[in-house]
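*Asks:* The sequence and its predicted three-dimensional model are supplied below.
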Amino acid sequence: MDLMKSNVAALPQFSPLDLQHRSAAWKILAVGVGSLILTLSSWIVVPMVPVPVTMQTFAVTLIGALYGWRLGAATVLAWLGQAAVGLPVLAGGAGGLPHFFGPTGGYLLAFLLAAMVTGWLAERGWNGRRVGLAFVSMLVGNALCLVVGAAWLATIIGPKQAIIAGVLPFIVGGILKSGLAAVTLRVMTQGRKSKA
């Protein structure tokens, strides 16, 4: 038990924004800003069928790493809630419940999981102070999006087509976005001293 406590105490401060020590008002503001960032990342679109290429996984994994798993999840849930009620926050300015049941439904669910996983890993030191681990964390988040998204897509167009249309075109972009997110996290982390 003492070993577990010392390991938790030795975890590096994960958030360059220090949100875990901020007031509820700051956290609500962070959720609002994060959902805006997710919306803007959704509007950067390279049209593809059946799933477009966007900057969403960059934003989702970065928000998870910056906010931690709980607040990262709350932010993605807020954004998904905005999409569900029809606000134009999804790729290409789309919104509405049909997107949760169509070809992109699995990817939308995966965004929540990716933010949680990258946030959880960031809280354990896979963050901007360890850029290699941050990169691996972002890769895990991107891979999770591809696996869950393709699994859902497979129920609509079949497994082979889901891999061809919903995984293969996104691998290189996922690697590049993971690298960009890790570097962005590193830049945001520089200059802050760990309180751990």
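*Replies:* Sure thing, it's come through.
*Asks:* Next one: the spatially most central residue of the chain from Leu66, what distance?
*Replies:* In the chain, the centroid-proximal residue (C-alpha atoms, centre = their mean) is Val60; its distance is 2.1 Å. Distance, Val60 to Leu66, by C-beta to C-beta, to the nearest Å: 11 Å. All C-beta spots, glycine's among them, are computed from the backbone N, C-alpha and C.
*Asks:* which residues in this protein form helices?
*Replies:* 2-9, 24-42, 56-67, 69-84, 98-101, 105-123, 131-157, 159-166, 171-189 (DSSP state H).
*Asks:* wait, which of the ones you listed is closest to Gly92?
*Replies:* Nearest to Gly92, of all those, is helix 24-42, at 7.7 Å by C-beta to C-beta.
*Asks:* Flag every buried residue along the closest one.
*Replies:* Within helix 24-42, the residues that count as buried by 16 or more other C-beta atoms under 10 Å are 27, 30-31, 34-35, 37-39, 41-42.
*Asks:* could you dump it to CSV, C-alpha only?
*Replies:* Taking C-alpha atoms only, helix 24-42 is exported to CSV below (Å, rounded to 0.1, in the frame of the first residue of the first chain):
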residue,chain,number,x,y,z
ALA,A,24,-15.0,24.7,-11.1
ALA,A,25,-15.5,27.9,-13.1
TRP,A,26,-12.0,27.4,-14.7
LYS,A,27,-12.9,23.8,-15.5
ILE,A,28,-16.2,24.8,-17.1
LEU,A,29,-14.4,27.5,-19.2
ALA,A,30,-11.8,24.8,-20.2
VAL,A,31,-14.6,22.5,-21.4
GLY,A,32,-16.1,25.3,-23.4
VAL,A,33,-12.8,26.2,-25.0
GLY,A,34,-12.0,22.6,-25.6
SER,A,35,-15.3,22.0,-27.4
LEU,A,36,-14.6,25.0,-29.5
ILE,A,37,-11.2,23.6,-30.4
LEU,A,38,-12.8,20.3,-31.3
THR,A,39,-15.3,22.1,-33.5
LEU,A,40,-12.6,24.1,-35.3
SER,A,41,-10.6,20.9,-35.8
SER,A,42,-13.7,19.3,-37.3
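*Asks:* Enumerate every residue touching the residue lying closest to the residue nearest to the centre of the chain once chain neighbours are set aside.
*Replies:* In space, and not counting its chain neighbours, Val60 is closest to Phe111: 4.6 Å by C-beta to C-beta, 6 or more residues apart in numbering. Counting by C-beta atoms under 8 Å, 6 or more residues apart in numbering, Phe111 touches 56-57, 60, 76, 80, 145.
*Asks:* What about those residues, which one has the most neighbours?
*Replies:* Most neighbours among those, by other C-beta atoms under 10 Å: Val60, with 34 neighbours.
*Asks:* quick one: that residue and Val117 touch, right?
*Replies:* No: judged on C-beta atoms under 8 Å, Val60 makes no contact with Val117 at a distance of 10.1 Å.
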